[in-house]
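J.: When you get a sec, could you give me coordinates for this:
(4 chains)
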Protein chains: 4
Amino acid sequence: VAPLQIGDYTLESRLIMGTGGITDLAALEKALVQSGTTLTTVAMRRYSPETKTSVFSMLERLGIDVLPNTAGCYTVKDTVLTAELAREALETNLIKVEVIADEHTLLPDVIETLEATEQLADRGFTPLVYTSDDPAAALRLEQAGAAAVMPLGAPIGTGLGILNPHNIQLITSRAQVPVVLDAGIGTASEAALALELGCSAVLVASAVTRAQDPTAMAEAMRLAVEAGFHCAAAGRIPRREHALASSPAEGIISPLEDLT
Amino acid sequence: VAPLQIGDYTLESRLIMGTGGITDLAALEKALVQSGTTLTTVAMRRYSPETKTSVFSMLERLGIDVLPNTAGCYTVKDTVLTAELAREALETNLIKVEVIADEHTLLPDVIETLEATEQLADRGFTPLVYTSDDPAAALRLEQAGAAAVMPLGAPIGTGLGILNPHNIQLITSRAQVPVVLDAGIGTASEAALALELGCSAVLVASAVTRAQDPTAMAEAMRLAVEAGFHCAAAGRIPRREHALASSPAEGIISPLEDLT
Amino acid sequence: VAPLQIGDYTLESRLIMGTGGITDLAALEKALVQSGTTLTTVAMRRYSPETKTSVFSMLERLGIDVLPNTAGCYTVKDTVLTAELAREALETNLIKVEVIADEHTLLPDVIETLEATEQLADRGFTPLVYTSDDPAAALRLEQAGAAAVMPLGAPIGTGLGILNPHNIQLITSRAQVPVVLDAGIGTASEAALALELGCSAVLVASAVTRAQDPTAMAEAMRLAVEAGFHCAAAGRIPRREHALASSPAEGIISPLEDLT
Amino acid sequence: VAPLQIGDYTLESRLIMGTGGITDLAALEKALVQSGTTLTTVAMRRYSPETKTSVFSMLERLGIDVLPNTAGCYTVKDTVLTAELAREALETNLIKVEVIADEHTLLPDVIETLEATEQLADRGFTPLVYTSDDPAAALRLEQAGAAAVMPLGAPIGTGLGILNPHNIQLITSRAQVPVVLDAGIGTASEAALALELGCSAVLVASAVTRAQDPTAMAEAMRLAVEAGFHCAAAGRIPRREHALASSPAEGIISPLEDLT
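T.: I've put the predicted structure just below:
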């Protein structure tokens, strides 16, 4: 699997991990290692010195980069402030922009998100922008300076998968920047589907950390993302309404035609 | 990935390959190798000496077992006769039972299939039985002696994926023998889904052999099947109608809660 | 809506009702009237003298015909016996053939169903045959003498709708006899969809009788079936992957082009 | 079907029609009458004197109100200007706000749409606002003064139906103003589904005007919307994973329990 360029940043793995929801540091480490991820997202609003000394040191030891996010922000102002704090604390221009509309749906507010993206791009950040699956909004975010757009498959934590594959495909077919599917993924097949729809990478959090066996699910997600990557490159057969024999019965039987 | 026991036979790979539709022997070999398959199905009705000397010798060289099938049979009598010819020619009790209803849909005829399965089981075969996704029919096939039931996801060659996941899950939840998804798969995510629904293995043919890049698709399918296998074992998060923060905002902020 | 010919029987309404699950005779009457149905199915295995004097007299008063069914039968023998009892008691050749595979799924057993259909057709019945959505099995039932085939949308009482529209459409596209969707319907849109997929009529039971307001749901189902009937006849627009303005902007503006 | 209050306006029919795509004035009249609509949307950007004398006089004669729309507008400024021209020409405060992102997808631009809605509400309009199915955006439009929010089911003219029922249901569950499904509908069942998901009304254009038989499709849509309305009110049965007999076999057989 080829590396992915996001602005100045080179992402080696096509799977980005979030780690909320896991309750044991050793278990988290096992899952991270098994996922093969090289980039993990961290909520800066809940950043604390203790985090630095435990999780961050673990990530550093594992060679996993940190993608700070602005989870918990509801306004442009808070989002920009949180991003600046993250840059100072972590010495990275990468920022995952999350501006949430309300605490019940946790859906992104695309209007605030657009404004925040513009300001962050102006300030020299490399914004990876969480958004709805609205293709028109995704295009505007890219025009506003998003280094990657991150449409949701379904609301955070629902595990409902990709509710609107048509929209995701429309986004990826027009985007000039990488599209990373974010939120909603519950299973490996859904992660593979994201790549098949043209996404460049996938972010999963709860699907792994809240699985009954996070380590096994991390491995499943790693394999699924690779599977989807190769599938997208391989060029699938067309969908057909009617059956087609894998080996037609008519015609001269050549050795290879013998096999179904 | 653990081996799978089908009657007396031990299947090492969870991906079974069909090879109809590929036109170049070297290309076929590359795809087979990349798929990691250890079992390949062959249509006996189109069996010829030339096949033996080219494809079969290749399969033998690659260490891939042959699963003869009865594709092209429309009656119990033809099916049993074809199976006997296969056993004699290939020295295996394995037989993939296909009794087709008509040449337009290529759908299995479950009534004839049931009768053929009974007779073949009585004759000492290990029948892997291609069938519709009707859960009641699948159970009857198992009772009649099927060593594995092989429901379709969609009609052969359509690439429509798994049209009725509810039925597949109902079949796997009740089966005492392995369930192998057969027909309809077009992409990696669909192969992974089969395993997530409780299937023990997947058979793909056209999806790989007719892909633009069969080798890349073979690799995608191999990874997808492994991904689905681990996903099924890992225990997915429940589907929820409403959002759930991967890291809740309320409560005391512990180091691990800091991460999303 | 045109009447439907099923063997010798002329069905005036495209909605067939089942009435199990309702607990109040007056409420049942209101729902039946509101549904506009002219045919109601009755389980003969639970037939009793009291039924005759209450429900049957009501149906007679309402001018609704009775379609006896063999619900609760698991074997060919029981099914045929039940049908004969129904014919004697109700003086009708109509019989809804139900041969159930097991009490947990209540799925039809297509193998027994086929045999029962053959015998009943031979005995001069007009069999309306409950079956799975397996298109090959549906065709065999027709060949065996079914006057109508009645594939399920989903298992009885689940309200899951039509799980595999592709199969239903395949059945209707090939059938020479009416196709009546039976089981699984929960909402009006699903009933309309059945007609749009080419079904000639729909049978609903729990969807109405167990709704919070059976009378309102009966009206919804009546309207939905009519809507689907007209929709199927009207010839829908093709599905398109890309947008198409309802009134194109380019070109000379004629009065009618002004409207969107 | 009860009337619907949208701001100061009372909508008698739950079906709003668009008329683009039809090429014969008499055919249009027949379809409008058959649809039972009381409100028809007109693209003001293509407004001309000839339109007034032909279509508008017909609508007036039929007693159908006109809902001017801003189709073809890409900016806030153009949208507001078009709305003012419509108000002057048609003497109505009703305006269907459409601000399109680009001519290829015809998707709404929710950022411009929000700004336009605010301005139009300030100017005393009753804005019915076309938008994506993003629930967070829909809520902001309502807060900005939308008298109704009109999320799309799928891109205009595609006939793909409701691509994301989950989002539509989330919108309707939170909205304090009517939700009118707009764009994407191709069949009657999809129109019924919109109501079942909690929408108060449906707008269809191409589905009727480009159908093979627009009059028959208009009737189908009228019935479907009524069906969906009653279905939503009736309270559907819950979806169940497992079968439930419409008349349980166990227990004492009462007359009503006899029926399935």
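J.: Could you say which helix or strand holds A:Ala243?
T.: Using DSSP states H and E, A:Ala243 sits in no helix or strand.
J.: Kindly tell me how buried it is, as a neighbour count.
T.: Residues near A:Ala243, counting by other Cβ atoms under 10 Å in any protein chain shown, number 22. C-beta coordinates here come from the backbone N, C-alpha and C atoms, glycine included.
J.: Then A:Asp78?
T.: That count, for A:Asp78 with other Cβ under 10 Å as the rule, works out to 16.
J.: try A:Met58
T.: Neighbours around A:Met58, by other Cβ under 10 Å: 17.
J.: residue boundaries of the helices in chain A?
T.: A:25-35, A:49-51, A:57-62, A:76-90, A:110-122, A:135-143, A:165-174, A:188-196, A:206-209, A:214-234 (DSSP state H).
J.: Run through the residues that contact the closest residue to chain D within the stretch 151-260 of chain A.
T.: Of all residues in the stretch 151-260 of chain A, the one sitting closest to chain D is A:Asn164 (4.3 Å; Cβ to the nearest Cβ). Applying Cβ atoms under 8 Å, 6 or more residues apart in numbering or on different chains to A:Asn164 gives the contacts A:133, D:133, D:163-164, D:167.
J.: make it 7 Å
T.: By Cβ atoms under 7 Å, 6 or more residues apart in numbering or on different chains, A:Asn164 lies in contact with A:133, D:163-164.
J.: can you check A:Thr40 too?
T.: Going by Cβ under 7 Å, 6+ apart, A:Thr40 touches A:17, A:19, A:32, A:59, A:64, A:66-67.
J.: distance of it from A:Ala86?
T.: Using Cβ to Cβ, to the nearest Å, A:Thr40 is found at 13 Å from A:Ala86.
J.: A:Arg222 too?
T.: In terms of Cβ to Cβ, A:Arg222 sits 26 Å off from A:Ala86.
J.: Spell out which parts of chain A neighbour chain D.
T.: A:101, A:105, A:107-111, A:114, A:132, A:134-137, A:140, A:160, A:163-164, A:166-167, A:170 (Cβ under 7 Å from any Cβ of the partner chain).
J.: Could you point out which residue ranges in the stretch 1-150 of chain A have low pLDDT?
T.: Segments of the stretch 1-150 of chain A classed as low confidence (criterion: pLDDT under 70) are A:23, A:46-53.
J.: swap the cut-off to 80 and go again
T.: Along the stretch 1-150 of chain A, the parts satisfying pLDDT under 80 run over A:19-23, A:45-53.
J.: Also the stretch 151-260 of chain A?
T.: Ranges of the stretch 151-260 of chain A meeting pLDDT under 80: A:243-260.
J.: rerun at 90
T.: Residue ranges of the stretch 151-260 of chain A with pLDDT under 90: A:157, A:238, A:240-260.
J.: gap between the residue lying closest to A:Gly145 once chain neighbours are set aside and C:Ala232?
T.: Sequence neighbours aside, A:Ala121 is the residue nearest to A:Gly145 in space, at 2.6 Å (criterion: Cβ to Cβ, 6 or more residues apart in numbering or on different chains). Distance, A:Ala121 to C:Ala232, by Cβ to Cβ: 52 Å.
J.: of the two, who's got more company?
T.: Higher neighbour count among A:Ala121 and C:Ala232: C:Ala232, with 22 against 19, using other Cβ under 10 Å.
J.: Look up how far D:Ser189 lies from that one.
T.: For C:Ala232, the distance to D:Ser189 - Cβ to Cβ - is 10 Å.
J.: joint contacts of these two?
T.: Common neighbours of C:Ala232 and D:Ser189 (Cβ under 7 Å, 6+ apart) are C:Glu196.
J.: OK, contacts around the closest residue to A:Ile168 other than its chain neighbours?
T.: Closest residue to A:Ile168 apart from its sequence neighbours, by Cβ to Cβ, 6+ apart: A:Leu197 at 4.6 Å. Neighbouring residues of A:Leu197 by Cβ under 7 Å, 6+ apart: A:165, A:168-169, A:172.
J.: cool, A:Leu195 as well?
T.: A:202, A:225, A:228-229, A:231-232.
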